[in-house]
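*Asks:* From the sequence below, what's the structure:
(one chain, ligands or ions: 2)
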Amino acid sequence: MIESSSMPKAVVIGMPGAGKTRLGRETAALIKAPFRDTDQCIEEEAGRSVSEIFDTQGEQAFRGMETRAVLDLLKDFPGGILSLGGGAPMSTEVFQALQDYRLAGGAVVYLEVDPEEGVSRAARSDHRPLLRGGASERWMALYRERRSVYQELATITLKSRNTTPRALARRLADALTERVVHVSGPDPYDVRIGAGVTGRLHELLGDQTMRVALIHTQPVQRHSDHARALLRQAGYQVVDLTIPDAEAGKTIQVSQGIWERLATEGFTRSDAVVGLGGGAATDQAGFIAATWMRGIRYVNCPTSLLAMVDASTGGKTGINLEQGKNLVGSFYTPAGVLADLRTLRTLPNDIFVEGLGEVAKSGFIMDGGILRELEERAESLRSFDGQESDQWLGTVVQDLIERTVEVKARHVSVDLKESGLREFLNYGHTLGHAIEKIEHFTWRHGQAVSVGMVFAAELARITGHLDQDAVDYHRRLLSSLGLRTWWNGGDFDQVLALMHRDKKARGNKLRFIILDGLGKPTHLDDPPVSALKEAFQAIRKEE
Ligand SMILES: NC(=O)c1ccc[n+]([C@@H]2O[C@H](COP(=O)([O-])OP(=O)(O)OC[C@H]3O[C@@H](n4cnc5c(N)ncnc54)[C@H](O)[C@@H]3O)[C@@H](O)[C@H]2O)c1
Ligand SMILES: O=C(O)C(=O)C[C@@H](O)[C@H](O)[C@H](O)COP(=O)(O)O
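*Replies:* Ligands and ions are numbered 1, 2, ... in the order given. Below is the predicted model:
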């Protein structure tokens with residue numbers, strides 16, 4: 001029985017001379033994990049080389065030592081990268097142990113080398129006992145025997161052709177640090193969070209797709225260029241569509257322009273949309289996918305923190321009207337979400353910080369662990385600089401994204417069309433959307449939601465659901481992250497009118513999401529106007 005907490009992070013298998021040891025060592029250095037190579041472990045323990053063991057004790061004795069070493073390390077090498085001798089997986093015991101390891105969530109990495117390259121490396125090596133006396137022929141014979149076993153065991157296959165060992169290690173490090181959140185429901189899909197995950201576009205778009213509309217904004221041009229290159233390499237015809245930035249991209253005029261372009265380009269039902277950028281771009285891209293020929297495949301590639309943690313997942317797609325936010329749209333799920341952490345390197349600090357508003361929201365409604373993490377890391381997070389921030393902060397951010405997406409997934413998996421539970425994700429949004437509108441979208445969404453959450457907390461206090469400490473905690477945490485907690489714009493009547501356009505309202509009755517305690521969201525239906533007015537006054541600041 002293999003315990004996942006004590007097993008290695010990855011086991012590298014493959015033919016002699018494939019470069020397993022180098023790949024393992026370099027990957028381990030990149031992800032700061034320990035590295036072991038079973039041949040080296042055996043040599044250290046026996047006090048002699050593998051060749052000497054073969055010469056003095058024979059192959060069978062060596063295989064016994066190898067099997068013991070592999071079985072021990074599979075059970076007890078927490079988080080490490082382990083490279084195996086080429087013949088190890090051929091033993092029944094090791095094969096079975098590797099199967100168990102896979103089942104426990106382990107990564108078996110098959111490093112595949114071209115036979116020509118493998119044979120030429122084998123011919124140069126003089127320390128491999130199994131290749132003695134005709135290295136090339138022996139290598140080919142072993143390759144024919146072992147290849148299908150490697151393939152059967154592999155969870156990740158890396159081909160060494162046309163690439164450098166360093167680039168291979170980078171790819172493996174990326175794959176090993178990737179996190180996946182599954183969203184279930186009528187059309188299930190995965191949210192992948194990791195460096196370089198844009199490389200998985202082809203997996204999600206599939207071979208039936210011929211044309212891809214790549215919808216993005218100008219500030220993320222560098223990332224859309226990368227995605228376009230990957231899509232073209234994979235054989236798709238790419239129609240590049242740069243839309244106006246931020247909320248200016250969420251209009252019916254922009255949708256109309258895209259629909260007309262798709263018609264001109266001959267987009268059919270088997271073609272697809274990729275939305276790349278902040279939440280505004282992914283909202284518009286999803287809306288296009290939902291409406292073109294009544295619905296085609298789409299993949300979201302969020303590049304802002306807010307889009308990664310919230311907008312790209314859950315299938316709320318849509319555009320704004322002059323009269324209010326997100327008033328037109330549909331629930332339409334993506335085929336997958338690829339949150340490529342490398343894109344955060346170009347994200348300006350203020351846009352990163354607003355994204356923390358939705359992260360905090362998920363903490364307030366469900367996950368106290370998120371709140372603790374935000375409290376502890378507030379100072380580093382609020383000064384996040386994609387270019388400069390170190391690997392440590394990168395891991396913190398990846399954890400926060402994963403946890404926040406998990407909160408989102410829990411809600412949308414059971415209530416895609418927002419008939420109850422999903423409404424909790426709207427914490428802070430009833431006032432937040434009104435602020436955005438009144439401020440003509442000069443306020444960022446996450447900042448407006450932050451004030452909206454303080455308003456909701458005040459409303460909960462006034463109506464007897466929360467105590468003053470919890471309200472103070474909202475203000476303290478949000479401001480420590482660089483988020484706004486007060487707003488002096490608009491007037492109450494204007495705000496009230498806009499709140500009546502909120503999608504949670506029914507008839508003339510308003511509905512708010514408030515907390516009964518941290519992590520305990522509830523509905524507040526039709527509160528008295530006096531309570532709303534008092535909460536509104538509480539978010540004003542004397543100037
Ligand atoms: N559909 C949903 O469930 C959902 C959830 C939350 C928010 N939203 C919507 O998302 C929008 C807010 O998203 P947002 O905060 O990402 O704002 P945004 O889309 O306006 O993006 C903010 C700015 O950052 C730029 N940008 C994004 N990624 C970048 C990068 N890596 N490098 C440099 N610049 C980058 C954008 O081009 C834009 O200028 C709102 O319209 C909101 O209503 C939707
Ligand atoms: O996914 C949801 O559901 C949400 O409410 C998430 C919100 O953070 C998001 O801003 C959403 O776009 C708001 O939707 P709306 O229905 O209030 O327009």
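
*Asks:* Under a three-state scheme, what state does the closest residue to D502 other than its chain neighbours occupy?
*Replies:* Excluding its sequence neighbours, the residue lying closest to D502 (Cβ to Cβ, 6 or more residues apart in numbering) is T430, at 4.8 Å. Any C-beta I mention is one placed from the backbone N, CA and C, and that applies to glycine too. Reducing the assignment at T430 to three states with DSSP: H, G, I helix; E, B strand; the rest coil gives helix.

*Asks:* Could you count how many residues lie near T430?
*Replies:* 27 (other Cβ atoms under 10 Å).

*Asks:* Report the separation between it and ligand 1.
*Replies:* 13 Å (Cβ to the nearest ligand atom, to the nearest Å).

*Asks:* Which pLDDT does the model give that residue?
*Replies:* Residue-level confidence at T430 comes out at 98, pLDDT.

*Asks:* pretty sure it contacts R501?
*Replies:* No. Taking Cβ atoms under 8 Å as the definition, T430 is not a contact partner of R501, at 9.9 Å.

*Asks:* give me every residue that touches the residue nearest to D502.
*Replies:* Taking Cβ atoms under 8 Å, 6 or more residues apart in numbering as the definition of contact, the neighbours of T430 are G452, A456, M499, D502, K504, L510, F512, I513.

*Asks:* tell me the two of the residues you listed that are most distant?
*Replies:* G452 and L510 (13.4 Å; Cβ to Cβ).

*Asks:* the more surrounded of the two?
*Replies:* Under the neighbour definition other Cβ under 10 Å, G452 and L510 were set side by side, and G452 has more, 28 against 19.

*Asks:* what's the pLDDT at that one?
*Replies:* Reported pLDDT for G452: 98.

*Asks:* Distance from the chain centre to the helix or strand harbouring it, please.
*Replies:* Assignment of secondary structure by DSSP states H and E places G452 within helix 445-462. Helix 445-462 sits 27 Å away from the centroid of its parent chain (Cα atoms, centre = their mean, to the nearest Å).

*Asks:* okay, now the residue lying closest to T242 once chain neighbours are set aside: neighbour count?
*Replies:* Ranked by Cβ to Cβ, 6+ apart and with sequence neighbours excluded, the top spatial neighbour of T242 is Q218, at 5.7 Å. When neighbours are counted by other Cβ under 10 Å, Q218 registers 11.

*Asks:* Could you verify my assumption that Q218 touches A248?
*Replies:* No. The pair Q218 / A248 is not scored as a contact, 11.1 Å apart, by Cβ under 8 Å.

*Asks:* With respect to Q256, which of the contacts of T430 is nearest?
*Replies:* Of all the contacts of T430, D502 has the smallest distance to Q256: 26.2 Å, by Cβ to Cβ.

*Asks:* ok, the closest one to ligand 2 distance?
*Replies:* Summarising the geometry, the distance separating D502 from ligand 2, computed by Cβ to the nearest ligand atom, is 7 Å.

*Asks:* Same question for G199.
*Replies:* The value you get for G199 to ligand 2, if Cβ to the nearest ligand atom is used, is 27 Å.

*Asks:* I'm done for today, thanks for sticking with me.
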